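Colleague: task: produce atomic coordinates for the following.
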Amino acid sequence: MRAIPLTVTALAAALLLTACNGGGSKSGGGSSSSACEIGGVSLQIGSASVAPGAGDTGEIPVSMTNQSAPCTLDDFANVVLGAGGTEAKVPVLKGAKAQKLRLAKGDSATFTISYVRGKAGDKTSLDAKTVKITLPGTATSRSFPWSYGPVAGQGSGPNASVSAFQQAGD
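Modeller: Predicted coordinates for the structure are as follows:
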């Protein structure tokens, strides 16, 4: 059974962010349209629908909650998978369209990283160990461990994708 590729897209966005946990809270005003920053939001990778075997599809939900001044998500998260000294950017889900989301303090949004599991030891698979996520319009990223197995290759990159942000909650 194949899972929706939105999770892989989200995971890819998570990978693109760097391991820098710096960056502070944003200090914008009420109608600020400044980008949401890693230091001003809580970012979590949720319970994944892990691909059980090579060729299967898995999805990893990524959620964030604004802990700071109002901010905006205006594009896709950048997600990069890391395997030792190798990094691979996860592409945006084909056909997905980004929507501009304004998040007040306490508001949440989610995206999904979808991936096809590769065969362990296969030269075309990426034996990912980390996922780095960077929010749109910012340079600071955050890294998370990747414990979902190798990612199949597709063309010159991973067979994975990142979905668009969706407003979460009420």
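Colleague: could I get the average pLDDT for stretch 57-72?
Modeller: Stretch 57-72 carries an average pLDDT of 96.
Colleague: for it, buried residues please.
Modeller: 57-66, 68-72 (16 or more other CB atoms under 10 Å). (Glycine included, C-beta is placed from N, CA and C.)
Colleague: same thing with stretch 48-59?
Modeller: Neighbour counts over stretch 48-59 (16+ other CB under 10 Å) mark Ala48, Ser49, Ala51, Asp56, Thr57, Gly58, Glu59 as buried.
Colleague: picking up where we left off before, and which of the buried residues of stretch 57-72 is nearest Ser114?
Modeller: Distance to Ser114 across the buried residues of stretch 57-72 (CB to CB) is lowest for Glu59, with 5.1 Å.
Colleague: my read: that closest one touches Ser49, true?
Modeller: Yes. At 4.6 Å, Glu59 counts as touching Ser49 under the criterion of CB atoms under 8 Å.
Colleague: re earlier: return the member of the buried residues of stretch 57-72 nearest to Ala88.
Modeller: Distances from Ala88 to the buried residues of stretch 57-72, taken by CB to CB, are shortest for Ile60, at 15.3 Å.
Colleague: enumerate every residue touching Ala48.
Modeller: Neighbouring residues of Ala48 by CB atoms under 8 Å, 6 or more residues apart in numbering: Thr7, Gly58, Glu59, Ile60, Pro61, Tyr148.
Colleague: now, which of these lie within strands?
Modeller: Using DSSP state E, Gly58, Glu59, Ile60, Pro61 are the members of those that sit in strands.
Colleague: what about Ala160, how many residues nearby?
Modeller: Close neighbours of Ala160, defined as other CB atoms under 10 Å, add up to 34.
Colleague: what are the bridge partners for it, then?
Modeller: Tyr115 (DSSP bridges).
Colleague: hmm, back to that, could the ones in strands among the contacts of Ala48 be laid out in CSV, adding distance to Leu43?
Modeller: CSV is the format used below for the ones in strands among the contacts of Ala48 (distance: CB to CB, whole Å):
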residue, distance to Leu43
Gly58, 19
Glu59, 17
Ile60, 13
Pro61, 12
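Colleague: which of these lies closest to Val79?
Modeller: Closest to Val79, out of all of the ones in strands among the contacts of Ala48 and judged by CB to CB, is Ile60, at 9.7 Å.
Colleague: hey, what's that closest one bridged with?
Modeller: Ile113.
Colleague: just name the shakiest helix or strand of this structure by mean pLDDT.
Modeller: helix 6-16 (a mean of 36; mean pLDDT, DSSP states H and E).
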